[in-house]
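Participant: Build me a model from this:
(one chain, ligands or ions: 2)
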Amino acid sequence: MDSPPIVISRDEVKRVLRYIDLIPRLESALAIFSRKNSLEIIQPLRSVIPLSKYNGFLGLMPTYMEQEGILSTKMVCFYKREDGSTLPSTQATVLLFDPEYGNVKAIIDGEVITAMRTAAASAISAKWLMPAQAEVLAILGTGNEALSHYNVFTEIFTFKEVRVWSRTRERAEAFSRSVAGPVKVCVTVEEAVKDADAIVTVTRATQPILFGKWIKPGAHVAAVGACRPDWRELDDELMREAVVYVDSREGATTESGDVILSGATVFAELGEVLNETRPALREKTTVFKSLGLGIEDAVSAKLVLERWEATQ
Ligand SMILES: NC(=O)C1=CN([C@@H]2O[C@H](COP(=O)(O)OP(=O)(O)OC[C@H]3O[C@@H](n4cnc5c(N)ncnc54)[C@H](O)[C@@H]3O)[C@@H](O)[C@H]2O)C=CC1
Ligand SMILES: O=C([O-])C1=[NH+]CCC1
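Facilitator: Ligands and ions are numbered 1, 2, ... in the order given. Here you go, the predicted model:
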C-alpha cells in the first residue's frame, strides 16, 4: 500500500499486451458502459483543454469501476499540426490508483494502450457490423493508429486484400513495407475504398476525405479520427445514409464533427449491441464512430499491470 508506483514503459506495454486478451476485456467494458449503471461505472465525459498556441489538445479521462476495483485516469495529448516532430501526434499516460487508499499503483505509458485499445474497439465493431463474407479491407492513413488497426484486423479476420491510402504515395509505400503481409498501395481514396467491405479511417483530417458515393452498400466503416466537434473525416451523405453506431452517445454528440455537423442520427452504442439491447444491422452500410473511452484505457491498464506482474 505504501510502496512507490510501478512505472511501465511503452516497450513493456508492447511486450505484455495482446489482442487476444484485450478484446474480451474491452467487450465486457463496452457492455458495462452501455448499461449506464453508476454502481458499475463512473466515467464522465472527457475534459479537453485546447493548447491553441500549439494546435493541440489535452484530454483527461478519469474512470471508476467499483466492482472491478479499477480507478484510473488517462491523460492524452493529441495534435493537429505537422511540423516534422519525431514525437507521436498522440501521446498518453495512464495512472492506476488503489481505489481504497488513493495511492498511485502504476504509471503506465499510454501510447501503445491507446493505439491497441482503439484498434481493438474498431475490430469489435467489425465483428458485429462488417459484411459476413468480408474480403477487402481499406485503411485510410498510415500513422500509429493505421498500424494497430492493420495488426488487429489481419490477426482476427481473413481478408483477401488489404489496401492503404495516404496523402503521399511514399508514406503509403513505407507503410506497406513496414507490415508483415501484402498491402496494395492506392493513390486515391476512391481507389482504396471501391468495393471494400471494411474501411478504417485513421487520419488527422479536419475535412471529409471519405465520401458516401464511393462506398459499396453494406460496407462497414470504422471512423477513428476527427475527434473534435469541428473536424470531419466522413461526408454528410455517408453519415446520413449509414446506420451510425458509436462508443458513447454522449461523447459522439459532444465531440464528433462527423455526427454533429452532418446532423446524423446515432442508432446505437456498440455496448448496446454487445448487450443485445440494439441490433447489429450487418446487411446495411454501417459507421462505427469511435472517440475513445476512459473505460477502455482503465481495463487495458489493469490488464497490462496483471501481465507485467506475472512476468516479474
Ligand atoms: N477514436 C479514438 O479513440 C482515437 C482517435 N485518434 C485519432 O486518430 C487519428 C490518427 O491518430 P494517429 O494514428 O495517432 O495519428 P498519426 O499522426 O500517427 O497519423 C495520422 C495520419 O493521418 C494523415 N493525415 C494528417 N492530416 C491529414 C489530412 N488532412 N488528410 C488526410 N490524412 C491526413 C497523416 O499523414 C498520417 O498518415 C487522429 O485524428 C487521432 O486524434 C487517436 C487515438 C484514439
Ligand atoms: O481516446 C483517446 O485517447 C483519444 N481520442 C481522440 C484522441 C485521443
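Participant: got the residues of this structure near ligand 1?
Facilitator: 78, 89-90, 114, 118, 141-146, 166-167, 171, 202-205, 209, 224-225, 227, 290-292 (Cβ under 6 Å from any ligand atom). Quick note: C-beta positions are derived from backbone N, CA and C, even for glycine.
Participant: and if we set it to 5 Å?
Facilitator: 78, 89-90, 118, 141-145, 202-205, 224-225, 227, 290, 292 (Cβ under 5 Å from any ligand atom).
Participant: For the stretch 51-200 of the chain, just list every one of the helices.
Facilitator: 111-129, 144-156, 169-178, 189-193 (DSSP state H, counting those that start in this stretch).
Participant: which one of these is the most hemmed in?
Facilitator: Of all the helices of the stretch 51-200 of the chain, helix 111-129 has the most neighbours on average by mean count of other Cβ atoms under 10 Å, namely a mean of 25.
Participant: what is the mean pLDDT for it?
Facilitator: For helix 111-129, mean pLDDT is 98.
Participant: Surely Val16 touches Val304?
Facilitator: Yes. At 5.9 Å, Val16 counts as touching Val304 under the criterion of Cβ atoms under 8 Å.
Participant: and those two? which has more neighbours close in?
Facilitator: Val304 (28 against 19; other Cβ atoms under 10 Å).
Participant: quick one, strands of this protein?
Facilitator: Along the chain, counting by DSSP state E, strands occupy 6-8, 47-51, 56-65, 70-79, 90-97, 104-109, 136-140, 161-165, 184-186, 198-201, 220-223, 243-246, 266-269, 286-289.
Participant: Take those and lay them out in a markdown table including mean neighbour count.
Facilitator: Formatted as a markdown table, the strands of the chain follow (neighbours: other Cβ atoms under 10 Å):
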| stretch | mean neighbour count |
| --- | --- |
| strand 6-8 | 17 |
| strand 47-51 | 12 |
| strand 56-65 | 20 |
| strand 70-79 | 21 |
| strand 90-97 | 21 |
| strand 104-109 | 20 |
| strand 136-140 | 26 |
| strand 161-165 | 22 |
| strand 184-186 | 18 |
| strand 198-201 | 29 |
| strand 220-223 | 30 |
| strand 243-246 | 25 |
| strand 266-269 | 20 |
| strand 286-289 | 28 |
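Participant: and these as TSV, adding distance to ligand 2?
Facilitator: Output for those, formatted as TSV (distance: least, Cβ to the nearest ligand atom, whole Å):
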stretch	distance to ligand 2
strand 6-8	17
strand 47-51	9
strand 56-65	6
strand 70-79	4
strand 90-97	5
strand 104-109	13
strand 136-140	16
strand 161-165	21
strand 184-186	25
strand 198-201	13
strand 220-223	12
strand 243-246	13
strand 266-269	15
strand 286-289	12
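Participant: could I get the helices of the stretch 51-200 of the chain as a markdown table with distance to Val136?
Facilitator: Shown next, in a markdown table, are these (distance: least, Cβ to Cβ, whole Å):
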| stretch | distance to Val136 |
| --- | --- |
| helix 111-129 | 13 |
| helix 144-156 | 11 |
| helix 169-178 | 15 |
| helix 189-193 | 9 |
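Participant: And the nearest residue to Ser9 once chain neighbours are set aside, how close does it get to ligand 1?
Facilitator: Nearest residue to Ser9, sequence neighbours excluded (Cβ to Cβ, 6 or more residues apart in numbering): Asp109, at 5.5 Å. Distance, Asp109 to ligand 1, by Cβ to the nearest ligand atom, to the nearest Å: 14 Å.
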